Each structure stands twice: as C-alpha cells, then as structure tokens.
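Participant: Next input, structure requested:
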Amino acid sequence: MNRFCFIITLAFVTLAASCGGKDDKGNRLDISGAIAEITGTVRDQNGNPLSGILMTDGYTQVRTGLDGKYSISHRSKDAFYIYYSIPADAVIGVNSTGRPDFYQRLQLGQTRYDFTITKQAVENKVRLLFIGDPQVRPSNNGLSRFGAETAPDIKKFVASKGGDMPTYAFAMGDMVHNTWDQLRDIFALVSKDNIGVPCFGVIGNHDHEFGSADAPVSDIKGQHKWEAVAGPVNYSLERGNTHILVLDDIIHQGISESSFTEGLTDEIKAFMKEDLRLVDRNKTLLLVMHAYLDNTEDYADIWSLISEFKCARIIGAHLHSVRNYYYPDVNGKAIHGNVVGTANGVDWAATVCGDGAPMGYAVMEMQAGEIQRYYYKPTCLDENFQIRLYRADDFPAFSHTLTGGATVTFKFTQYGTGVIIANIWNWNPLWTVEVYENGIYKGLANKQNMYDVWACKYFYQQKNRSTYSFCQRRDHTFWYKMSDPSATIKFVATDDFGQVYEQSVITTNLEKDWPDSYK
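Facilitator: As a prediction, this is how the structure comes out:
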C-alpha cells in the first residue's frame, strides 16, 4: 500500500474557485465564489487513522496519508458527494434510506468531511445479486409489481440461504423509464429493509434526465436527479479478494430518450485507471456498468486494462434479455461477460424477458475472489428452473408488423415431428447440453440462434405489442429431433461450475404458463 499522500487531478476538473451544489431535487444552486477545497480525516471505529484510502469527489482522486488525512484542493464544480472506495475489511453499513453508506453530500461553505470506517475481518465468501432494469413508470404499474413480486422474492431468496455468506446487491440501471420523480420510490424498494441486503446503484440511460433539441441537457446535468437519490455514479468497493468498479457508461446528449451512446468518456476512463492503479493484479476484477461493452476495437483499451487481472468479468444489463459471453484469449487471459436479464421482463407486460427467459436477477457466489457459481434466479420461481422445453410444431411460424413498418417472421429454426426446442437462458460456451430419451443418453443438443416463438406469440399475438424489444433472437436456444416422438424427453445442462440443471416438462399452453404477474 502506498504510504504517501498524492493527488491525481483529471483533465476535466475545473480549477476555478467555485464549486457545484444541488438541492434535494438535483437542481443546480448558484454558489459562485464558494470555497472549493475539501479536506478531512479517515479513521477506524477506534479512532486510528487509516492510510491509503482512496477518496474522491467523483472527479479528482486522492489517497489518505499516514495520518489519515486527505485534501482535494479544487473540487469539481459538478461534484455532488465526497466518498471513499470501500476497502475489503470495511463494514458496509446503510444510511437513513437503507442503502450503502460510504459518501457524504457536499454542503455550501463546508470544507471538512471526516469519515469513520468500521473495520471487520475480510470476508472469505460473498454473494452478489445483480438486478437489471426495473424501468418503472406509471403506465406499466412497475412500482407496484416490483414491490409485490421482485423485492419480496429477493428478500425470501436471501433468507433461504440462512446467512451462509454476506450478500450485497447491485441495481443495474434503468431504475425508471424517464420518470425521474419515481427514483426515490424505486430506490426505497431496494432498501435493505425491503430486499434484506445493501443495494448499490448503477445509472442507466433512462435514469438520465433529458430535454429537447431546443433545450438539451448535458450528460453531467442529466445525472443530477439520480445523484440526489442514488448516490455516486462512479465508485468502487472490495469484498474478499475481489475489486468491484461501478462506472457510468451512458454518454447522454440530452435531446431525447434515444440520444445517447454507450461507452466511457475520456474522463471516466481516467477515473477508472486511477481507481485500478494500485489494485493488486492477483485480485478478481468485476467491471459493473449498465450497458455491456463488448470486446471490440471501440473498447480495446478497456479490455486491455481489465485483462491485467488474474480474473476479470464485465457485467451489464440494458438488453432486456440474458446473454453470456466468453473470450478465451484477451492478452492471454480468458474473460467472461455477463448480461443479466430484467426485473421487469419487458415493460412489466408479463413474467418473461424478450428472449423468453423468466424475469429475474443474476446471482454470483465467490470464495477468496474465485467465482464458485454464477446463475440466474427467476422471480418467484425455483433457482434451479433454468430450462424451458417446447415441441416445435406446437408454435408455428407467424409474421408481425413492428413499430416503424417492418414485418418480421418469428419461427424456430427447426420444425417436424419429434423436434424439441430448449431455451437455456443462462448458457455460455462452456456449458454442455445432453439429451435423454426414456432415460437413455442420445447425445448433445444442437445449438442454433433463434427466437423463442412461445414468448413471441404471447407478446405479439395475445398482448398486441409492436416494438422489437418484446422478442429477441438469442444464442441460448437448442433443438433436438427425437428418434421416438412418443418417448419421454430430458435435457440435462451442466454449467461451467459443474452445476447440473434438468428439464423434462414440455410447455404447451399459453394461458396456463403465462401469468401476467406473480401477484
């Protein structure tokens, strides 16, 4: 650990003698001429100074010295909070809202902000929950359903584990659908009282405020209402031997809900590099963002940096479906990418996502920084429900005209007597999928990208939806043609952690299998 205090000033920090502030609704306050310095001391619960603690206003990053003191000489005009990167041996308490307590709101005229970090033994085991895209708005009744279905299910799931390991959650963004006055309501539903664990926030595109072409809202200003409720947007924490870095990867132009790009600004890349500069490369790194950033030339610098770690994963949401990626060689390292499904399914229209996966949340279990299990927990269903089977001929191809005028044909890639389709939503390339007829092993299933026609039929023909997000072609679908169509069928999927999931029940009846909610 570095025992000297140093200051890194990012290129975009304003060095004027003025600083930013907002009211409780996230609106800008005119405080030109206010003092810009931030100082303070970080101590443990016994009053001992803590050195090497990374402190930030979200823009400038500094570390405490041997005396536990830190100083930011010119805080950013856009700064909302002063906060610390949570060490592995720190208790994660909750504040008055029931959410993680590691930051303080900047106040007009106040320059000193002291922190007390309660120390504990480093957690050897830890469970992380990733909750994708609640995206509530009045028209979809999302607040009511999240409160009646999702939050109780998470709390029940956590309780069912009997306190076997510390558990923390991450709300993966798009908490609201451009209805920023509901941010407080949805974050109240992910408080520790409601879900049983501390829940961190990740800002999404629909969480950014926007204006119009005549009155655009800047990317930074667009996050003010989020900050006022949810806390910092760029921050990090450690649990066990794992470093978790949360970043805002939505660059919003502030003209409309669709005026944004996915990626990291140069300033946030600098924040990321400084956050990771002194992190032991033998740790596991989890890079958590709303929009998943694929391994392409556009993000080559990000992937190169995370490949320096012993183990690294990028975790995102945003797609309203489940996707898992595996890159066997990124600078000599194998790296996984996980896109979690949605809490809302698709706009709370039913109980599944656009790829036919159940609405739900992802679960990661770790020991000493090693990932022991990663799975997808369906809301209000058993955690071992991971496969849905269909007879292909029960769901023939059909066409539907989507918003914008395009007519799309939705079909399975295989039809015929004895053809069985399997949707195995949390599949990744390291899984094996076996098929048994009458208990006799018949070989491996055939993987092929296709629509889940059962889900498409429900959304488009019964619910009369018309946007593309209600049905998405995905790569976690399989088919097998039975040698004896009258035999019993069983699919057995084994994941990359050796966990085995089985399914022999064939879904046939829309009305029976498609509740609009679990209430």
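Participant: List of residues touching stretch 92-109?
Facilitator: 19-21, 29, 31, 34-35, 38, 57, 75, 79-84, 86, 113, 115, 118, 168, 187-188, 190-194, 198-201, 230-232, 235, 237 (CB atoms under 8 Å, 6 or more residues apart in numbering). All C-beta spots, glycine's among them, are computed from the backbone N, C-alpha and C.
Participant: all helices of the stretch 351-500 of the chain, in order?
Facilitator: 453-456 (DSSP state H, counting those that start in this stretch).
Participant: got the residue ranges for the strands in it?
Facilitator: 360-367, 370-378, 388-391, 398-401, 407-410, 419-423, 432-437, 440-444, 446-447, 477-481, 489-494, 500-503 (DSSP state E, counting those that start in this stretch).
Participant: would CSV of the ones you listed with mean neighbour count be doable?
Facilitator: Shown next, in CSV, are those (neighbours: other CB atoms under 10 Å):
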stretch, mean neighbour count
strand 360-367, 23
strand 370-378, 18
strand 388-391, 21
strand 398-401, 14
strand 407-410, 14
strand 419-423, 23
strand 432-437, 18
strand 440-444, 12
strand 446-447, 16
strand 477-481, 22
strand 489-494, 20
strand 500-503, 17
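Participant: Please tabulate these in CSV and include distance to residue 341 and mean pLDDT as additional columns.
Facilitator: Below are the strands of the stretch 351-500 of the chain laid out as CSV (distance: least, CB to CB, whole Å; pLDDT from 0 to 100):
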stretch, distance to residue 341, mean pLDDT
strand 360-367, 6, 98
strand 370-378, 6, 97
strand 388-391, 13, 97
strand 398-401, 22, 96
strand 407-410, 20, 96
strand 419-423, 12, 98
strand 432-437, 19, 98
strand 440-444, 25, 98
strand 446-447, 19, 98
strand 477-481, 15, 98
strand 489-494, 17, 98
strand 500-503, 16, 98
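Participant: need the ones you listed in JSON lines with distance to residue 222, can you?
Facilitator: Below are these laid out as JSON lines (distance: least, CB to CB, whole Å):
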{"stretch": "strand 360-367", "distance to residue 222": "26"}
{"stretch": "strand 370-378", "distance to residue 222": "31"}
{"stretch": "strand 388-391", "distance to residue 222": "39"}
{"stretch": "strand 398-401", "distance to residue 222": "34"}
{"stretch": "strand 407-410", "distance to residue 222": "33"}
{"stretch": "strand 419-423", "distance to residue 222": "37"}
{"stretch": "strand 432-437", "distance to residue 222": "43"}
{"stretch": "strand 440-444", "distance to residue 222": "48"}
{"stretch": "strand 446-447", "distance to residue 222": "40"}
{"stretch": "strand 477-481", "distance to residue 222": "37"}
{"stretch": "strand 489-494", "distance to residue 222": "42"}
{"stretch": "strand 500-503", "distance to residue 222": "41"}
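Participant: can you tell which of the ones you listed is closest to residue 253?
Facilitator: Among these, the nearest to residue 253 by CB to CB is strand 407-410 (29.0 Å).
Participant: What strands flank the closest one, and is each parallel or antiparallel?
Facilitator: strand 398-401 (antiparallel) (DSSP bridges).
Participant: How far does the strand it pairs with sit from its chain's centre?
Facilitator: 32 Å (CA atoms, centre = their mean, to the nearest Å).
Participant: sorry, back to before: go through the contacts of stretch 92-109 and flag which are in helices.
Facilitator: 187, 188, 192, 193, 194, 230 (DSSP state H).
Participant: Would you list the buried entries among the residues you listed?
Facilitator: Among the ones in helices among the contacts of stretch 92-109, the ones that count as buried by 16 or more other CB atoms under 10 Å are 187, 188, 192, 194, 230.
Participant: For residue 43, state which of those residues is nearest.
Facilitator: Taking CB to CB as the measure, residue 43 lies nearest residue 192 of these, at 24.5 Å.
Participant: shouldn't the closest one be in contact with residue 168?
Facilitator: No. The criterion here is CB atoms under 8 Å, and residue 192 misses it with residue 168 at 10.1 Å.
Participant: Need the residues touching each of these two.
Facilitator: 198, 199.
Participant: Against residue 266, how distant is the residue nearest to the spatial centre of the chain?
Facilitator: Centroid-nearest residue in the chain, with CA atoms, centre = their mean: residue 172, separated by 3.1 Å. Separation of residue 172 from residue 266 (CB to CB, to the nearest Å): 24 Å.
Participant: Over to residue 62?
Facilitator: As judged by CB to CB, residue 62 and residue 266 stand 20 Å apart.
Participant: Those two - which one has more neighbours?
Facilitator: Higher neighbour count among residue 62 and residue 266: residue 62, with 22 against 10, using other CB atoms under 10 Å.
Participant: what phi and what psi does the backbone show at that one?
Facilitator: phi -140, psi 170 (degrees, to the nearest 10).
Participant: Is it correct that it is in contact with residue 71?
Facilitator: Yes. Look at residue 62 against residue 71 with CB under 8 Å: they come within range, at 6.8 Å.
Participant: Could you find the closest non-adjacent residue to residue 472?
Facilitator: residue 354 (4.3 Å; CB to CB, 6 or more residues apart in numbering).
Participant: before we move on, back to that, show the pLDDT at the residue nearest to the centre of the chain.
Facilitator: Predicted confidence (pLDDT) for residue 172: 98.
Participant: what does residue 289 give?
Facilitator: Looking at residue 289, the pLDDT reads 98.
Participant: Kindly provide the distance from it to residue 371.
Facilitator: 18 Å.
Participant: Strands along the stretch 1-150 of the chain, start to end?
Facilitator: Applying DSSP E, counting those that start in this stretch to the stretch 1-150 of the chain gives strands spanning 7-8, 38-44, 54-56, 61-63, 69-72, 81-84, 103-105, 115-117, 125-131.
Participant: So for the fifth one, mean pLDDT?
Facilitator: Mean per-residue pLDDT for strand 69-72: 98.
Participant: what do you get for stretch 457-464?
Facilitator: Taken as a whole, stretch 457-464 carries a mean pLDDT of 91.
Participant: what residues are up against residue 412?
Facilitator: Per CB under 8 Å, 6+ apart, neighbours of residue 412: 390, 392, 395, 397, 419, 421, 450, 451, 453, 479.
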